[in-house]
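Student: heads up, no residue letters with this:
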Ligand code: TRP
């Protein structure tokens, strides 16, 4: 049976882009495969969060995962650092990860460019830790966005290299996995093609945010001065609002505003007001569930413990096998 695994860094709240791009797929997958979903809190340390932020973010993402429909009984939902076996595999994989290939990684080069004051070893070996996450449970299906494909390629390289070096077939090769063309990409409110937390908080609509702020962000979204010719194409910024409408509004709402646009009668203010209401109708129940879960500390802790226990069982098996292959002494 193929195993699914994916992780989200705990660097901030989840937004609509995460919801449609990742979480809805995770929820579907948990009925089809054994699934491991985790909060990548070790990875989030590359940016040096304070202990208060760190703990709060992990808790927040855990509550958000569950509120979005990840069932901790069905899937294995865990916090990365609750399974320290991953550190051992990370160390072992580091021995066969070459500095040259790590330095050539696009995400590393980008981070150097953006944060020249914090180029730490954890950033350089980020793909090794990610490979350890994946290989720890021998997962082969990894639902991730395009930006993670190079990391996945590196995980395949490390897996294959280990197998060849020790003449074993310990690690299967993981592949990126998506439901074909159904992958929905949610654009940003700033006219960019991607909703993302790193682009600034006004660009993203968070699942757990006050309705006033959500409304304000949408009302402030970038547009142009309006169409001047019937049926003319839309600029990216306006297309973005229609694209968000496509996933949260009723089909007839979309048809109505398309028509208004094509006839050059559109008032962006009306479009935004409607969009804000539809986004809120969509987000509100999820947002309330997140609040409820955050208020139930014992429940969240219990779910985290359950996930850790399930994940460690699988992790221990792999680590034991790897230690034997390498030639470590067996601990009694
Ligand atoms: N690197 C991923 C991201 O930035 C998060 C991640 C860490 C991950 N480990 C993983 C994703 C393992 C899939 C599998 O979003």
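Tutor: Thanks, I have it. As the structure is a prediction and not an experimental result, all values here were calculated from the model.

Student: and residue 249, what does it touch?
Tutor: Shown in contact with residue 249 (Cβ atoms under 8 Å, 6 or more residues apart in numbering): 274, 275, 278. For every residue, glycine as well, the C-beta is placed using N, CA and C.

Student: Give the other helices and strands that the helix or strand encompassing residue 286 contacts.
Tutor: Using DSSP states H and E, residue 286 sits within helix 268-295. If contacts are counted by 3 or more Cβ pairs under 8 Å, 6 or more residues apart in numbering; DSSP states H and E, helix 268-295 sits against helix 51-67, helix 211-219, helix 236-248, helix 251-262, helix 297-326.

Student: related to what we said a few turns ago, of the contacts of residue 249, grab the buried ones for ChimeraX.
Tutor: Filtering the contacts of residue 249 down to the buried ones (16 or more other Cβ atoms under 10 Å) takes a single ChimeraX command:
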select :274,275,278
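
Student: restrict the contacts of residue 249 to those near the ligand?
Tutor: Of the residues in the contacts of residue 249, proximity to the ligand by Cβ under 6 Å from any ligand atom holds for none.

Student: can the contacts of residue 249 go into a markdown table with extra columns for pLDDT?
Tutor: As requested, these are exported to a markdown table (pLDDT from 0 to 100):
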| residue | pLDDT |
| --- | --- |
| 274 | 98 |
| 275 | 98 |
| 278 | 98 |
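
Student: so residue 229 touches residue 262, yeah?
Tutor: No - the criterion here is Cβ atoms under 8 Å, and residue 229 misses it with residue 262 at 9.8 Å.

Student: Neighbour count: these two, which is higher?
Tutor: More crowded of residue 229 and residue 262, by other Cβ atoms under 10 Å: residue 262, with 15 against 8.

Student: I'd like to know how many residues surround the closest residue to the ligand within the stretch 201-332 of the chain.
Tutor: Nearest residue of the stretch 201-332 of the chain to the ligand, counting by Cβ to the nearest ligand atom: residue 311, 12.7 Å away. A total of 25 residues lie near residue 311 under the criterion other Cβ under 10 Å.

Student: Now it: closest residue in space, sequence neighbours ignored.
Tutor: Spatially, and ignoring its direct neighbours in sequence, residue 311 is nearest to residue 78 (4.2 Å; Cβ to Cβ, 6 or more residues apart in numbering).

Student: Report pLDDT for the one you found.
Tutor: Reading off the confidence values, residue 78 has pLDDT 98.

Student: so where is the stretch 151-300 of the chain shaky, pLDDT-wise?
Tutor: 181-183, 198-200 (pLDDT under 70).

Student: and it, which residues reach the ligand?
Tutor: Within reach of the ligand by Cβ under 6 Å from any ligand atom, the stretch 151-300 of the chain has these residues: residue 151.

Student: follow-up on the earlier one: any idea of the angle the helix holding residue 286 forms with helix 236-248?
Tutor: 50 degrees (axes from the mean of the first three to the mean of the last three Cα atoms, to 10 degrees).

Student: Give me the angle between helix 268-295 and helix 51-67.
Tutor: Using the same axes, to 10 degrees: helix 268-295 against helix 51-67 is 100 degrees.
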